[in-house]
Structures are given as structure tokens and as C-alpha cells.
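*Asks:* How does the following fold in three dimensions:
(chains A, B and C, ligands or ions: 1)
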Amino acid sequence: MQGGLERATGEKMVLNFGPQHPATHGTLRIVLELDGESILKATPHLGYLHTGFEKLGEHLDYNQFIVVTDRMNYLSPLSNNFGYVLAVEQLLGIEVPKRCQYIRILMAELSRLADHLLWLGTAALDLGAFSVFLYSFREREKLYSIFEKTTGARLTTSYTRVGGVFRDLYDGFETDARDFISNFPKALKETHTLLTKNRIWMDRTKGVGPISADEAINYGLTGPCLRAAGVAHDLRKAEPYSAYDELTFDVPVGSNGDAYDRYLVRMEEMMQSCRLVTQALDNLPDGPVNVEDNKITMPHKSDAYGHIEGLIHHFKIVMDGHGVQPPKGDHYCATESPNGELGFYIVSDGSGTGYRIRIRPPSFLNFQALPHMLEGGMVSDTVAVLGSLNVIAGELDR
Amino acid sequence: MNEEKGIAEQASPLVLEKLAAHHSEALLAQRETRGRVGVVVRKEQAYAVLEYLKTDPELAYTYLVDVTAVDNSQMESELMQFDYARFMVVYQLYSYQGQCRVQVKVPVHENDLSVPSVTGLWRGANWLERETYDMFGINFEGHPELRRILMPDDFEGYPLRKDYPLRGRGERESFNFEKQNV
Amino acid sequence: MGLAKTHIQSGQGAAQTDGNIITTTIDKVVNWGRKNSLWPMPFGTACCAIEMMATLASKFDLSRFGSEAIRFSPRQSDLLIVSGRISIKMMPVLKRIYDQMPDPKWVISMGACASCGGVFDTYTLIQGVDQFIPVDVYIPGCPPRPEDLIDAVMQVQQKIASGAAPKGIEVAYE
Ligand code: SF4
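*Replies:* Presented below is the predicted three-dimensional model:
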């Protein structure tokens, strides 16, 4: 921290917030210019977690890059996996089997739950509500174990493959998922009783960090932040990808665009995700989970290890210049990740590695609107607003 | 659902039609592949075209999705097509009204690395353009504060250019702790 | 700062005499106290930080090992957990935080990225924080499971109990 302690005398004090501050979740930094307690100017600084994902995309082949997408929005890796392979598949011009689409939706919606749960826990923690953090992690751990059984990892799932998924669901998946979904509303209600009508929670989030619908569009906000401002836009409805057009759900919308509305929208989205999961489970079709194209789908591991044909097949796909090779051209594809529009812009030169992979991160644009939401407010609102945006540094800085 | 798709299909050619009618001199190429409409426009008219796309009441591309660039120096075919312009600045736009997208590309030559900034049209462009500047060294004329955003201020080089090595030029092994203003 | 030397001198262990008096060395008592009340400073930047949070939260509950007093102020803590990717922009911050922590201090490098750069061999990522700060315990994994982190904390505890000097002091004395 630097600067003097002048009160509202017109003299400014500069307060450095972050990059290592509990409410910045590690890597965000905001320099605040204060007049007494009110914020005159907020300047975010970013790049503290810049990892070079996009450059790495030019050096890894299309399936290898899936690993990198996990580490982007690490609250919901499965949504990233999904968004990325969808972009590659559209570039290739292939469509995955119905069962695969449903599995992907199942996993994406479960990870939306996981994402919102962690957001809920940390946003409440930042404002001092510690129990909510423990409650939401209790639920998240249940999801972790479902993810682990399905994908083999708790967090870095790398579940999807170009043209399918890594493997089919495990046998008890349906029971586990239904179990979770049936208990989840009760758990969510606990949080509602803790927060929704809580005087302190309301005082600290209502009317804090508001943004109007027009401004939200102008700033390029997406996801819950945009919907909280009153724009009923959800890519799952507007440009239904995968099998979303076969499922019904509502898009919750707020009216004031403040931190409280963002909270309510996310809470309702969790309920909608439960609906989607239940429907997807009900309608889960049978069949293969990978496209039947030997140039795209890897052979099953037992084939690769047990038969010479399988081994050659495996070898051919992972070898440079033989695997997934989209035709020359470029394509932009966006999906509705828990934070908003997650887009992948892929330029292919016809080889096995991307020529340019651009990630359009929702957090980047959501975070950009932060000064607008903060300026004129009080310094203590910073934490509330920052919490309500759910900025994920991995995705922000890539 | 089908109805929505219907709108998108009708609207896609609309943007091309309207651009052809109003800005035909700016268009270098246009295409419609995989359900995505894209145009390549001359740098000189780029701002006018983008402004038109945003403000025209029938098109109303009010949401700037993304600004980025591509270094085409290792893609011969692209280079040849657009008069050996090394960089291509890419804008993605979305219209809430028509629920459709359009992609606008602007070729930029290496000896004149600048395009007009669109921060005046969309506030969201600010950081996107800064990032493009940071990664490719393309100047956005009229940008309010064009400085590095992801890399440290004293960083040299533009990481996403094709001639910049993946592992860097030794920046990650050696840096001066005292010099950095934390 | 003289910790390394004192340890070498205090060879005798505890001995019990008839009147229920325990004699021990001051070092042992201090170390016993330190070991069971580590105050971690979580330097979480990326995905590993989420697993660190999970370790602190309900199911894994790090407080069972006496280290739940998370302090975000380096001046109050004695265990630095570096979890996540450290970029060239972040490294000076980490170094500064490390320098601000009072001695004796221990460092856990959690996850592949903090330990060696992990899957990201790119221009901006530090290939192992141990190039710049001394590390006591490394945890492999991407991300390591919460159990791994608990194990690492226990290893730090063992190290403290054994009276060995933290890596930082070893390095300073070399
Ligand atoms: S080690 Fe893996 S999980 Fe941990 S920060 Fe690095 S990429 Fe993320």
C-alpha cells in the first residue's frame, strides 16, 4: 500500500489492492484512487497469470490442446473442454453421436453447478459468511467424486476428445447423478436461508456495482452478469449447440444489474441446470460415444495395447501429420460457459496443429466493466463487486 | 427454436447485401462458410464499415465479441490473397436483434502497423485492442491508453508473432527484481 | 537467525525424572509448538489453488493438523504454500512476499507448475519457483489431491520436529 491518509479534502489517496489479497483470489490487482472512502478511479492491472495458452495452441495438436483448456477456467474445466472440441468439430464439419452430445451436456451442466457453487462459497467468504463456503464445498465434493469416476480426475478432467469423449459414463453414473440432483435443491435452500434475506448480505450487495442493460452490452458483458442486467441472452437458447434445442429450461433474468441480482441469477441458474441434468438423464440415448471415423477417433485402449491393428491405428492418429486435420480456414464458435460466452477462434492451415487459436474469455470482458461499476462507490464495495463478477484469473490472463 | 434459426439464416445475407450496397468499395472479400458470415475490408474504410454495422438500425451489431489478430507470415495462401499483408485484425460482432454474427477482417501491412481504434463505438474494445497491441504490436490509432496489458511493461517483443519463440528469449530465467515496480 | 547452529548443539533428547518433571531443551518445546500451529500463507494463483481451498474446506479440513489459521498477511505466517502457475510478472510479487515473512519460514511448492513449470513450457512461465526462492517440500501432481497437500504439511511438521533448519536458512548460511 502506498499514499497518504488525507480525508475528503479533495486530496487523493492511492490504494493498491492485490495482486495478493484474499478477495482477489490470487492474481487480480486493482489500483484505487480514493477520496476518503469513495472511489474516484479504479484501474485494474492484469497479466499476473499470463501463461501463453494461445501460443501453446500453435504448437500442440488438436487433441493435446484439450489439456490446456482444463487449466483455463479451472472451476468448470468440463465446459471448456466442451467449448473447444465443439469449435474443432465445427471446423471439421462433423457431428458427434447423440449419446455423446447428451453426455457432454450432462457434464457441462454439472460443472456449471460446480462453478456456481465455488463462486457462491468464495463470494460469500469475501463478505464474511464463512459457513456458506463450507456448505458449498460439501456439495462440490460430491460433484468432484462424480467427475473423478467419470473422467479419472477431480479437477483437470480433459474428458472430451475431438469427435467424442474419452470414455462412456461409468455404470453407476445415473444413480449418482440423480442422487445428487435430488438432494441438491435442499442444500441450495440452506444457502437461501443463510443469505437471500440476510440483512447484512442484502445491505452489502443490493444496489452495489450496478450496470444498465445498454452499458452491459456496450462493455461486452456475457453470462450471468449480462442477464442480471436484464438482457435475456443465453447462447444455449440463442444459438442452440449440441442437443440443447431438445431440452427445456428457463433463462433467469435480473433487473438492476447489481451484485445482488447477479447472486440471484446464479442461484436460479443452478436450479435450471438441475432441470437440464434430469432431462438429459431421462432422455439419454444409447449408442456409440465417438464418431465412427478412424481418422479422428482413437482406438480403445485395450485395442491399442492388445492388437497390432489397434496399435498402428493409435500410432497413426498421434503421429504428426496423420491425426485430426481440419481443412484450411477459420471458424469462430462460442458456447455458454458458466461465466458467459466462451469463444474459440481457430485458424487452420490444414495441418495437424492449429495455426492460431484464439480464446475469447468471458472473464476478460466482464472484468473490464469493473471500474465502471466501482467508480463513485465506496471502497468496501470493491470486494462485493469483484466477488459478484466471478473473475477467473486463468481465463482472464490465459 | 426453428424460428430463431430462420431469422439467422435470413439475416446473414442481409448484412452482405447491405454492405455491398453501402460500402462496396471497402469490401475485399466476403464469404459464408459453416454458418458464419465474414467480410474482409480495406483498412482505410474499416472504421466506417464497423460503425455502419453497429449503428444501422436493421443490422444493429451492438455487441463486440472479440478483437484479435492473426500473423499470416507463415501462411502463403493468405499472404498472397491480400497483397502480402502480414497481419489480419479480426473483429467478431454479434447482433442481439437479429441473433446473428459477422466477422470483419482487416489486413494490415507490416510497414504500417496501425488500424483505427473502435473504442469510441464499443467500450469493450479497450482491453481487447490493448491485448492485440501487447501480443502483436499492432497500433490502434485513437486508443485512450495503448500500453501492455498482459506482459510486464518493460517486456520486449510481441509473443504471438510467428517469429517469437515459444519458450521466449530468456525472459523467464533472468529478470531484475529490484527494477520491477511491484 | 541462529537457528541452524543451536540445533547442532542441542543433542540431548528429553528425559523424565522421578518427580514428574520433564526436562527438555527449549528448542524442542519451541519446535513442538511451531509444528502444531503452522500459519500458512496461501499463495494460490491458479487451478492448484482450488484444490488448496478444497483442502481447507469441509471434507478434508486442514485444521485437523493445526494449520487452518490462514493468514493473507506474510508478516503473520510461517508457511508459504505456492500453488499455481507463477508468471514472470508474478515472480517479483512472490519474492517480495517471501522476503516479508519472518524467519523461520517454510515453503511448500504445490503442483507441477510451481515446481517445474508443468505442462506450460512457455515464454512467460517460471520453470520452477525454486530458482528464486528456497523450497522445503515439493508436491507433484497437476493438481495434487488434497491428501497430497496434507501429506506435505505433515512433512513440514516432521521437518520442524526433527530440528532441521528450513531450506531458506540453509541457503542463507551456505
Ligand atoms: S500444476 Fe496443474 S493444476 Fe496446478 S496450477 Fe499448474 S496446471 Fe494448474
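
*Asks:* Provide a list of residues in contact with residue A:217.
*Replies:* Residues near residue A:217 by Cβ atoms under 8 Å, 6 or more residues apart in numbering or on different chains: A:226, A:231, B:62, B:63, B:96. For glycine as for every other residue, the C-beta is placed from the backbone atoms N, C-alpha and C.

*Asks:* Any chance of a markdown table for those, columns pLDDT and neighbour count?
*Replies:* Formatted as a markdown table, these follow (pLDDT from 0 to 100; neighbours: other Cβ atoms under 10 Å in any protein chain shown):
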| residue | pLDDT | neighbour count |
| --- | --- | --- |
| A:226 | 89 | 31 |
| A:231 | 87 | 21 |
| B:62 | 88 | 19 |
| B:63 | 89 | 26 |
| B:96 | 86 | 17 |
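
*Asks:* Could you check the pLDDT of residue A:212?
*Replies:* Predicted confidence (pLDDT) for residue A:212: 88.

*Asks:* How much space separates it from residue A:261?
*Replies:* In this view, residue A:212 and residue A:261 are 12 Å apart by Cβ to Cβ, to the nearest Å.

*Asks:* the more surrounded of the two?
*Replies:* Set residue A:212 next to residue A:261 and count neighbours by other Cβ atoms under 10 Å in any protein chain shown: residue A:261 wins out with 27 against 12.

*Asks:* Name the nearest residue to that one, ignoring sequence neighbours.
*Replies:* Sequence neighbours aside, residue A:254 is the residue nearest to residue A:261 in space, at 3.1 Å (criterion: Cβ to Cβ, 6 or more residues apart in numbering or on different chains).

*Asks:* in terms of contact, does that neighbour touch residue A:263 like I think?
*Replies:* No. Using Cβ atoms under 8 Å, residue A:254 is not in contact with residue A:263, being 9.2 Å away.

*Asks:* So between these two, which is more surrounded?
*Replies:* When residue A:254 and residue A:263 are compared for neighbours, residue A:263 comes out ahead with 27 against 22, by other Cβ under 10 Å.

*Asks:* for the more buried one, what are its contacts?
*Replies:* Residues in contact with residue A:263 (Cβ under 8 Å, 6+ apart) are A:120, A:123, A:195, A:205, A:388.

*Asks:* neighbours around the fourth one, how many?
*Replies:* By that I understand residue A:205. Residues within reach of residue A:205, counting by other Cβ under 10 Å, total 25.

*Asks:* do the one 3 residues further on as well
*Replies:* Burial measure for residue A:208: 22 neighbouring residues, criterion other Cβ under 10 Å.

*Asks:* if I read this right, it contacts residue A:384, doesn't it?
*Replies:* Yes. With contact defined as Cβ under 8 Å, residue A:208 reaches residue A:384; the gap is 5.2 Å.

*Asks:* joint contacts of the two?
*Replies:* In contact with both residue A:208 and residue A:384: residue A:259, using Cβ under 8 Å, 6+ apart.

*Asks:* Which strand or helix spans the nearest residue to residue A:314 once chain neighbours are set aside?
*Replies:* Leaving aside its sequence neighbours, residue A:314 sits nearest to residue A:304 (Cβ to Cβ, 6+ apart; 4.1 Å). According to DSSP states H and E, residue A:304 maps onto helix A:301-306.

*Asks:* Can you give me the buried ones in that helix?
*Replies:* Neighbour counts over helix A:301-306 (16 or more other Cβ atoms under 10 Å in any protein chain shown) mark residue A:304 as buried.

*Asks:* now stretch C:140-160
*Replies:* For stretch C:140-160, burial by neighbour count (16+ other Cβ under 10 Å) applies to C:141-146, C:148-150, C:152-153, C:155-157, C:159-160.

*Asks:* Take those and keep only those in helices.
*Replies:* Those of the buried residues of stretch C:140-160 mapping onto helices are C:146, C:148, C:149, C:150, C:152, C:153, C:155, C:156, C:157, C:159, C:160, per DSSP state H.

*Asks:* contacting residues for the second one?
*Replies:* Spelled out, it's residue C:148. Applying Cβ under 8 Å, 6+ apart, the residues near residue C:148 are C:139, C:140, C:141.

*Asks:* Outline the domain layout of chain A.
*Replies:* A:2-45, A:53-396 (automatic domain parsing).

*Asks:* Distance to the ligand added to these, as CSV?
*Replies:* Listed next are the domains of chain A as CSV, based on distance: least, Cβ to the nearest ligand atom, whole Å:
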stretch, distance to the ligand
domain A:2-45, 10
domain A:53-396, 4
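
*Asks:* Could you identify which of these is most buried?
*Replies:* Stretch with highest mean neighbour count among the domains of chain A: domain A:53-396 (a mean of 21; mean count of other Cβ atoms under 10 Å in any protein chain shown).

*Asks:* quick one: low-confidence parts of the stretch 1-150 of chain A?
*Replies:* Low-confidence segments of the stretch 1-150 of chain A, defined by pLDDT under 70: A:1-10, A:20, A:22-26.

*Asks:* now swap in chain B and tell me
*Replies:* B:1-13, B:175-182.

*Asks:* Which parts of it are strands?
*Replies:* With DSSP state E as the criterion, chain B has strands at B:27-33, B:36-41, B:63-71, B:87-95, B:100-108, B:114-116, B:139-141.

*Asks:* quick one, which of those is packed in tightest?
*Replies:* strand B:63-71 (a mean of 25).

*Asks:* Do that one and chain C come into contact?
*Replies:* No. Applying Cβ under 8 Å from any Cβ of the partner chain, one finds strand B:63-71 separated from chain C by no less than 15.1 Å.

*Asks:* Just give me how far that strand sits from the chain centre.
*Replies:* Computed by Cα atoms, centre = their mean, to the nearest Å, the separation of strand B:63-71 from the middle of its chain amounts to 4 Å.
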